[in-house]
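J.: here is the input, now give the coordinates:
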Amino acid sequence: MRSPPACRAFHPDIRRRRPPTRSASLAETSDRKGLAPRRAALALVRDVTERGRMLYEDTPVLAGLAPQERARAMRLAGEALRQAARADRVLKPHLARRPPPAALAILRLATVEFAQGAAAHGVVDAWVEVAGQSQRTASFRGLVNAVLRKLEGLTPEDWEKLPVPTLPRWLRRPLVDAWGDRAVQRIEDAHVRGAPLDLTPRSDVDAEALAAEIGATVLPTGSLRHTGAAQVTALPGFAEGRFWVQDAAAALPVRLLAPAKGERVLDLCAAPGGKTLQLAAAGAEVTALDLSEARLARVAENLGRCDLAAQIVAGDALRYEERGWDAVCLDAPCSATGTIRRHPDLPVARDGAGIDELIVQQAQLIDHALTLLKPGGRLLYCTCSLIPDEGEVQVEEALLRHPGLAMAPLPEAAWIDPEWAAPEGGLRTRPDHWSERGGMDGFFMAVLIKAA
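T.: Predicted coordinates for the structure are as follows:
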């Protein structure tokens with residue numbers, strides 16, 4: 001946010017002699033109020049709540065904003081979605097009836113800003129002005145002003161005393177069946193806290209030195225965790241390709257596979273590419289395959305930035321026929337329910353429809369991936385889902401379908417927390433694991449060995 005020139009801030013006589021043009025004055029006022037990122041946050045929230053769209057950093061809504069404004073809009077929108085139930089509880093006593101979605105979104109966004117300790121006067125003024133700029137909300141400008149004036153005393157301490165938002169029934173019910181009600185409550189606690197920024201350092205980088213340089217800590221698994229607000233591209237070492245963004249749990253499957261230098265590894269459903277980068281950094285000869293050419297372009301961009309090499313192939317994983325691979329990495333399409341602490345839009349935009357079809361597709365992908373392996377080859381199967389039918393159950397059923405297929409035992413490695421060991425074999429992480437460190441995504445991962 002640009003500050004006004006010092007002479008204008010402290011010498012009003014100079015301002016009177018050299019008045020800015022009207023257009024410049026309005027632009028500076030808007031910039032000072034932070035209207036642009038707030039308008040973008042409002043559009044993002046409405047896309048999720050009214051249209052069922054997911055939040056994406058390259059959405060057209062964010063076009064034209066400076067990087068810090070885009071980051072602010074995404075953070076604000078994400079927090080408003082994450083904390084919607086708390087905001088509604090605060091707002092309810094001051095509303096005779098539920099306002100239309102656009103006006104409610106403004107009230108939720110402003111309430112979240114109060115809860116974060118933002119200056120009440122600036123929050124009210126900015127959101128009243130944003131409301132007046134749209135035909136859908138202009139008639140609610142007075143309501144927004146009146147309600148927000150009543151919330152000016154809301155403090156972060158008051159906010160933290162409110163009940164933790166719960167997952168929607170379509171997701172909470174199967175998770176309670178799988179993990180129990182108390183565990184799901186802990187998962188919900190982790191969701192409301194959000195997620196820190198996790199980074200995977202390139203294998204030839206001194207992790208301790210890099211962590212000290214960027215203000216991060218080194219996790220027991222080797223990932224770096226940055227807990228403050230940060231613009232990734234501005235961190236030291238980003239431009240030089242010394243690290244890439246990857247949740248600590250997402251970095252575990254390749255560690256479990258432990259690829260050897262020179263091994264031929266096929267990364268199916270490769271985008272967004274974190275595992276491709278890990279495989280390449282380990283010295284494997286990697287082919288990254290994905291259906292989306294646009295997402296593969298991002299993979300190629302990150303490979304180039306990090307000075308790593310992999311062959312990029314756009315295509316359908318179920319139609320890919322090259323065989324004889326030493327290992328196949330299959331991060332299968334799934335419900336992504338293990339990533340809600342980083343994607344609070346997911347339980348709002350989704351309703352559970354399509355999960356049965358995903359489960360069928362996952363089984364098909366496992367069966368096809370096994371045909372691509374050489375005898376004795378290894379299949380790494382993983383999903384960022386909390387639902388056992390997409391993880392543990394898939395592996396159990398694959399073992400029944402394929403005589404001679406075996407699950408690789410877990411290695412005796414210091415980076416493996418005993419809490420992650422799944423009774424069926426493999427590793428299971430949940431958002432409530434590592435709670436004292438800031439949590440982690442929910443993942444299931446296992447290595448299957450094809451009969452020799």
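
J.: isn't there a strand covering W244?
T.: Yes: assessed by DSSP: H, G, I helix; E, B strand; the rest coil, W244 belongs to a strand.

J.: which ones are touching it?
T.: 199-200, 273-274, 277, 302, 306 (C-beta atoms under 8 Å, 6 or more residues apart in numbering). The way it works is simple: take the backbone N, C-alpha and C, and place the C-beta from them, glycine included.

J.: nearest residue to L148 other than its sequence neighbours?
T.: V124 (4.6 Å; C-beta to C-beta, 6 or more residues apart in numbering).

J.: just how off-centre is the one helix or strand that neighbour maps to within its chain?
T.: V124 is part of helix 120-132, with elements assigned from DSSP states H and E. In terms of C-alpha atoms, centre = their mean, to the nearest Å, the centre of helix 120-132 is found 29 Å from the chain centre.

J.: roughly how far does G274 sit from E301?
T.: 13 Å (C-beta to C-beta, to the nearest Å).

J.: quick one, which of the two is more surrounded?
T.: G274 (21 against 11; other C-beta atoms under 10 Å).

J.: measure that one to A248 for me?
T.: Counting by C-beta to C-beta, the gap from G274 to A248 is 11 Å.

J.: same question for P418.
T.: 17 Å.

J.: and if you look at G241?
T.: Distance from G241 to A248, by C-beta to C-beta: 20 Å.

J.: do the same with G122
T.: Distance from G122 to A248, by C-beta to C-beta: 36 Å.

J.: what about the residue nearest the centre of the chain, is that helix, strand or coil?
T.: Central residue of the chain (C-alpha atoms, centre = their mean): R342, 3.5 Å from the mean position. The three-state label given to R342 by three-state DSSP is coil.

J.: identify the residue spatially nearest to it, adjacent ones excluded.
T.: In space, and not counting its chain neighbours, R342 is closest to A195: 4.3 Å by C-beta to C-beta, 6+ apart.

J.: residues contacting that neighbour?
T.: Applying C-beta under 8 Å, 6+ apart, one finds that A195 lies in contact with 247, 341-342, 438-439, 441.

J.: the more surrounded of G241 and A248?
T.: Shown here are G241 and A248; by other C-beta under 10 Å, A248 has more neighbours (27 against 17).

J.: hang on, the more buried one packs against G439?
T.: No: here A248 does not reach G439: they are 9.2 Å apart, not a contact under C-beta atoms under 8 Å.

J.: contacting residues around L405?
T.: For L405, counting by C-beta under 8 Å, 6+ apart, the contacting residues are 370, 398-399, 448-451.

J.: mind doing that once more with 10 Å?
T.: 366, 370, 379, 395, 398-399, 448-451 (C-beta atoms under 10 Å, 6 or more residues apart in numbering).

J.: same thing with I312?
T.: Contacts of I312 (C-beta under 10 Å, 6+ apart): 270, 273, 276, 286-290, 293, 296-297, 299-300, 303.

J.: next: R401.
T.: 363, 366-367, 370.

J.: same check on G241?
T.: Per C-beta under 10 Å, 6+ apart, neighbours of G241: 202, 205, 277, 302-308.

J.: one more: A211?
T.: Residues in contact with A211 (C-beta under 10 Å, 6+ apart) are 199, 201, 217-219, 223-226, 243.

J.: likewise G338?
T.: Counted by C-beta under 10 Å, 6+ apart, G338 has contacts 187, 247, 249-250, 383-387, 390-391, 428-431, 440-444.

J.: so how far is L289 from it?
T.: Distance from G338 to L289, by C-beta to C-beta: 23 Å.

J.: all the strands of this protein, residue numbers only.
T.: With DSSP state E, the ranges of strands along the chain come out as 197-201, 217-218, 224-226, 243-245, 264-268, 285-290, 311-314, 325-331, 373-383, 406-407, 427-429, 443-449.

J.: out of these, which is closest to A105?
T.: strand 197-201 (26.2 Å; C-beta to C-beta).

J.: give me the sheet partners of that closest one and which way each runs.
T.: strand 224-226 (antiparallel), strand 243-245 (antiparallel) (DSSP bridges).

J.: dig out what the nearest residue to L279 once chain neighbours are set aside forms beta bridges with.
T.: Nearest residue to L279, sequence neighbours excluded (C-beta to C-beta, 6+ apart): V286, at 4.6 Å. Beta-bridge partners of V286, counted by DSSP bridges, are V265.

J.: can you give me the distance of V286 to R149?
T.: 58 Å.

J.: which one of the two is surrounded by more residues?
T.: V286 (28 against 13).

J.: my guess is that one meets A310, correct?
T.: Yes: with contact defined as C-beta atoms under 10 Å, V286 reaches A310; the gap is 4.0 Å.

J.: can you give me the helices for the stretch 351-452 of the chain?
T.: Here the stretch 351-452 of the chain has its helices, by DSSP state H, counting those that start in this stretch, at 355-372, 392-401.

J.: so which of these gets nearest R53?
T.: helix 355-372 (18.8 Å).

J.: relative to strand 264-268, how tilted is the closest one?
T.: Here helix 355-372 runs at an angle of 160 degrees relative to strand 264-268 (axes from the mean of the first three to the mean of the last three C-alpha atoms, to 10 degrees).

J.: remind me what helix 355-372 packs against, helices and strands.
T.: helix 169-179, strand 264-268, strand 325-331, strand 373-383, helix 392-401, strand 443-449 (3 or more C-beta pairs under 10 Å, 6 or more residues apart in numbering; DSSP states H and E).

J.: please consider this matter closed, and thank you.
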